[in-house]
Each structure stands twice: as structure tokens, then as C-alpha cells.
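[1] Sequence first, then the predicted structure:
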Amino acid sequence: MTTDLLGSAELTQREYELFRQLVYAQSGINLGPEKQHLVRARLGKRLRKGGFKSFKDYYDFVLNDKSGQELATLLDAISTNTTHFFREQRHFQLLAKMVEERMAALGGKPWDIRIWSAGCSSGEEPYSIALTVHDLIKNSSKVRLKLLATDLSTKVLSKAKLGVYEAMRLGTLPPGFGKAYFRRYGDRRSALVQVAPHIRELVSFARFNLMQERFPFKHQFDAIFCRNVMIYFDRPTQEALIARFYQHLRPDGLFLIGHSESLNSLKHQYRYVEPASYRK
Ligand SMILES: C[S@@+](CC[C@H](N)C(=O)[O-])C[C@H]1O[C@@H](n2cnc3c(N)ncnc32)[C@H](O)[C@@H]1O
């Protein structure tokens, strides 16, 4: 084993290639050559904590762990989970418009609004969806929100379920939402807040790998959010995934991707609405 001044094992080109292929096969995340330093830094911590002598030792350990737990830890360390409340605000306006129009068209008939936040990270996206829809339907006894929020990373999902955030992260919420839907978490001096229980109850969090070939959903969704997730996938993976989303979206349903993403260069059947927003 070789070590550098920081006491971390070297990640050789061959070892990096092994991790690259494993991560790609398991998550669709396509790590380019420029990510080698990042991978070394992120996995280096795990190596030191677990007392592994080299990256190859750690790699073998991941493969031999039949529980899959170490693979989950590896993918947790690799994935990028940056997010915030009401990120790309325009999408929440489009969602509100779709809900209002549909409610008007249904004229008081019952409706279960089904929405999927695919790649929900630590929960800011699904809670933003829940707040937007709840605010519109709170006076209706006939309309209910069924919101599914999934991610590959167990670490972010635990945070999402708890719904505890630093109060200073609420700055991007619409006016009045912070006070109405968040409670102080901890003692009087705490800088943490928690999403109110009646909003947390609206979201079903689950671990789900978007690379699964079949999606096990009985009902089609009215809207699918898959924002800032596919940027890490290569083109064939993106095309296969958006085709699967298409099957699980109801006719005219809303499909939203990140604002730095586009379906332009991909084969797809969606109707373009505006940047990063499509309909079936
Ligand atoms: C940058 S975050 C985006 C969070 C949120 N959608 C947003 O736009 O703010 C990307 C998320 O995608 C998840 N992810 C990456 N690959 C995945 C896969 N194959 N299946 C499910 N989730 C995945 C990551 O764990 C991470 O939490």
C-alpha cells in the first residue's frame, strides 16, 4: 500500500476503474475521469474508519457483503445530494396551475393527486411539493395528495423522513409558509425547525433505485419531478429512464427536470412546455 502525506491510501487508475464500473452498474451514475480525486476523498474517509489497507481491499469487501449494506454506504458517499426548498420556483407555479385547472375541470368530484419526487434527496423537494398542493386543497374534502418521494441514498432518506432543517434554510419558502408549516425543533435557542406533522404525513418516503428495470406502480402519476438527477447519467441511461417515466405518467401529466437539463438531444415522446418542463 502507498500512502500520501495525509495518510490516505492511493487510489490507482485500476482501482478507480473498478469503482467506476460498480457505481455505474448499480446506480447509473457515470463518473468521468475528473471525478477520481473526489471519489478518493469521499471513499478515503470510509477506508480510514473501517481500517481498510487499500481501495482494492475495500472494493472486495463491498462485493462480498451479501447484505448490500456496504454497497449502500458506498453509493451514499458517491452521490451528490445538493438541494433546497422551492428550488427552481417556476416548477411549483406550474404544478399549482395544473392542480387548480384540474380541480376546476372536475367541478368538485373526488381526485387523488399522485405525484412522484424521483431523486428526492433530503426532502426539501417533496416538502415543497406537499406545501404547494396542500395550500390549494386544504379546504377541499374531496381532493387528496398521494406523494411518493424516493432516493437511492439511505442517508438522505433518514434526514428527509425526520424533516428537520436549519431555520436559515427556510429563506426560499413563499412568504408565510415558514411560520405556518414549521415548528421549532429542540429547546428555545435551537436553530433547527421541523416540518409540521400534518405535512410530513403527506409524503411516503422509500428507497428506490431508478435503474430498476420495472417500476412497480399501479397508478399513473399526475406529475413526476426528476430534477438534477439525470445529469449524472449517460445518454442511453437517460433515454431509457425518461421512456419509463412516460409510461407511468397519465396523459397530459407534468414531467419536470432540472433547469440545467434538457430533453433536446434525447429521443422522447414528451410535449415541450417551457425550459425543463414537459407534458405527456
Ligand atoms: C442533486 S440531488 C437532487 C435533489 C432534488 N431532486 C433537487 O433537484 O433539488 C440528486 C439525487 O439523486 C439521487 N440519485 C442518484 N442516482 C440515483 C438512482 N440511480 N436512483 C435513485 N436516486 C438516485 C441521489 O442520491 C441524490 O439524492
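    Good, I have the coordinates. Residues are numbered from 1 along each chain as shown.

[2] all contacts plus neighbour counts: C-alpha atoms, from now on.
    Fine.

[3] All the helices of the stretch 51-200 of the chain, in order from the start?
    55-64, 69-78, 90-106, 124-137, 154-162, 177-181, 197-200 (DSSP state H, counting those that start in this stretch).

[4] Contact residues of the stretch 101-250 of the chain facing the ligand?
    Contacts of the stretch 101-250 of the chain with the ligand, taken as CA under 6 Å from any ligand atom, map to 119-121, 125, 151-153, 208-211, 226-229.

[5] Among these, which ones are in strands?
    D151 (DSSP state E).

[6] Looking at the residues of the stretch 101-250 of the chain next to the ligand, which is nearest L249?
    If you rank these by distance to L249 using CA to CA, C226 comes first, at 12.4 Å.

[7] Count the residues that sit near that closest one.
    18 (other CA atoms under 10 Å).

[8] Contact partners for it?
    When contacts are counted by CA atoms under 8 Å, 6 or more residues apart in numbering, C226 touches S117, A118, G119, F255, L256, I257, G258.

[9] can you pull the contacts of the second one?
    Pointing back at A118 there. Neighbouring residues of A118 by CA under 8 Å, 6+ apart: A149, T150, D151, L210, I224, F225, C226, R227.

[10] Look up the pLDDT of it for me, please.
    In this model, A118 is scored at 98, pLDDT.

[11] Same question for the one 5 residues further on.
    Residue-level confidence at G123 comes out at 98, pLDDT.

[12] how many neighbours does it have?
    By other CA under 10 Å, 30 other residues sit near G123.

[13] Same question for the one 4 residues further on.
    The tally of other residues near Y127 (other CA under 10 Å) stands at 24.

[14] Name the nearest residue to E88, ignoring sequence neighbours.
    Of all residues not flanking E88 in the chain, H259 sits nearest, at 7.2 Å (CA to CA, 6 or more residues apart in numbering).

[15] residues in contact with the one you found?
    Per CA under 8 Å, 6+ apart, neighbours of H259: E88, R227, P275, A276.

[16] Looking at those residues, spot the one nearest R183.
    E88 (24.4 Å).

[17] Contacts for stretch 147-166, please.
    By CA under 8 Å, 6+ apart, stretch 147-166 touches 27, 72, 75-76, 79, 81, 113-124, 126, 130, 185, 191-195, 200, 202-210.
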